Every structure is written in structure tokens, then in C-alpha cells.
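In: got a predicted structure plus its sequence, pasted below:
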Amino acid sequence: EVQLVESGGGLVQAGGSLRLSCAASGFTFDDYAIGWFRQAPGTEREGVACISNSDHSTWYAQSVKGRFTISSDNAKKTVSLQMNSLKPEDTAVYYCAAPCIGPYDGWGQGTQVTVSS
């Protein structure tokens, strides 16, 4: 069973940084791509970034390119999202999921990120 647990959310001022982590278990980590998604109130969930744990290739949504960096540690089975230059519009609940494209085998419970102006 795919299990994903996010951590690292919080409240930060605009221009600040946060680092989210996604701890994975229950599946062969190296065989999966893992993605970060976010959902703000009243909006649809959107993809933010994705990383392949086999070759570490990455994808980013245009809205976060140059500000967010996704990385993975295969030994620790964690995927991180470093978020810099945060904007109020980045406020959302952030989720990790495996794989990056549906059908999904698992979702985390989400972690709140709030960016104040």
C-alpha cells in the first residue's frame, strides 16, 4: 500500500521560503515518479512539480518555475519541495502523490502553506 506523509507547511511572509517533505513507504520508491500538487479554496487541485525517482528528471508548472525546486533522496525515500520567493497566490494545501499522472496509487493528507502579503 502506497503511503505518503507530508510535512513542512506553515505561515510565511511574501518573499520568504518553506521546504516541504514527502515521506514515502509501501512501494518501490525508485520505480515511481512523485508529484507535488496544491489546492486553494474554491479552486481545482493543480500540479506543481514532479520528479522521476529513476532518473531524477523534473517537471514544473509555469507558475513556479525558477522559484520552486523538487528533489528526491532515494535512500531516505523522501521527496522535497523547496519553495522560494513565495507569493500570496501560493497559499494552498499542498499534497504529494504517486505517480505524477493518474490513476494515482496514493495521496498524502496534505500540508497547509499560507503566504501573507
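Out: Thanks, I have it. Nothing here was measured: the structure is a model prediction, and the numbers come from that model.

In: relative to residue 61, how far out is the most centrally placed residue in the chain?
Out: Nearest to the centroid of the C-alpha atoms of the chain, with distances taken as C-alpha atoms, centre = their mean, sits residue 36, at 2.7 Å. Counting by C-beta to C-beta, to the nearest Å, the separation of residue 36 from residue 61 is 9 Å. Any C-beta I mention is one placed from the backbone N, CA and C, and that applies to glycine too.

In: hey, what's in contact with both of the two?
Out: Counting by C-beta atoms under 8 Å, 6 or more residues apart in numbering, the contacts common to residue 36 and residue 61 are 47-49.

In: contacting residues around the helix or strand of the chain with the lowest mean pLDDT?
Out: Of all helical and strand segments in the chain, the minimum by mean pLDDT, DSSP states H and E falls on strand 106-107, at a mean of 94. Applying C-beta under 8 Å, 6+ apart, the set of residues contacting strand 106-107 from outside is 1-4, 26-27, 95-98.

In: just the buried ones among these, please.
Out: When burial is judged by neighbour count using 16 or more other C-beta atoms under 10 Å, the buried members of these are 2, 4, 27, 95-98.

In: next, format the shared contacts of residue 36 and residue 61 as a markdown table and append neighbour count.
Out: Supplementary listing: the shared contacts of residue 36 and residue 61 in a markdown table, determined by neighbours: other C-beta atoms under 10 Å:
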| residue | neighbour count |
| --- | --- |
| 47 | 16 |
| 48 | 24 |
| 49 | 25 |
